[in-house]
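> Coordinates for the following, if possible.
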Amino acid sequence: MELNLADPKGLIRESYAIEGITSPECRSIFLDWALSLKPGVDTREALRVLIAHYAMASEGHPMNPILDAALASPPAPAPVRRGGRAARVSAPREG
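Now for the predicted structure:
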């Protein structure tokens, strides 16, 4: 994937250029970046491109852990609670 597809508005590039940027500011920029991706762009691949291009060259930058966390696998979904009648009535028994 090309860098211009991974960072279409240059938001991540600019975050690495801002001296003294804080982690909360990086999280806000990351959210803006995520919302700016074009439909059909593989977010995980875009994150890999950004990490390879920016994070590797900027050790200790507050954006690095945010990009790493976004690339990490998502937490397991919570169990689905069944409500209403489906929760009160057991499944039909096979006879």
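> use CA for all of it now, contacts and neighbours both
Noted.
> would you list every one of the helices in the protein?
Counting by DSSP state H, the chain has helices at residues 3-6, 11-17, 23-36, 43-53, 63-71, 85-88.
> mind putting the ones you listed in TSV, mean pLDDT, distance to P77 and mean neighbour count included?
Shown next, in TSV, are these (pLDDT from 0 to 100; distance: least, Cα to Cα, whole Å; neighbours: other Cα atoms under 10 Å):
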stretch	mean pLDDT	distance to P77	mean neighbour count
helix 3-6	92	27	16
helix 11-17	96	29	16
helix 23-36	96	21	15
helix 43-53	95	19	16
helix 63-71	95	16	17
helix 85-88	67	19	9
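> Now render those helices as a markdown table, adding distance to P79.
Converted to a markdown table, the helices of the chain look like this (distance: least, Cα to Cα, whole Å):
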| stretch | distance to P79 |
| --- | --- |
| helix 3-6 | 33 |
| helix 11-17 | 35 |
| helix 23-36 | 27 |
| helix 43-53 | 25 |
| helix 63-71 | 22 |
| helix 85-88 | 14 |
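> Tell me which residue is most central in this protein.
In the chain, the residue lying closest to the centroid (Cα atoms, centre = their mean) is A70, at 3.6 Å.
> Distance of that one relative to R85?
Distance of A70 to R85, given as Cα to Cα, to the nearest Å: 38 Å.
> what do you get for L35?
In terms of Cα to Cα, L35 sits 39 Å off from R85.
> ditto for E59
From E59 across to R85, the span is 55 Å (Cα to Cα).
> And T43, how far from L5?
10 Å.
> cool, E45 as well?
Distance from E45 to L5, by Cα to Cα: 10 Å.
> Excluding chain neighbours, give the residue nearest to L71 in space.
Once flanking residues are discounted, L71 sits nearest to R44: 6.0 Å by Cα to Cα, 6 or more residues apart in numbering.
> pretty sure the one you found contacts A69?
No: using Cα atoms under 8 Å as the test, R44 is too far from A69 to be in contact (11.1 Å).
> hang on, I12 packs against L31?
No: the criterion here is Cα under 8 Å, and I12 misses it with L31 at 10.4 Å.
> Overlap in contacts, those two.
Common contact partners of I12 and L31 (Cα atoms under 8 Å, 6 or more residues apart in numbering): none.
> Please consider this matter closed, and thank you.
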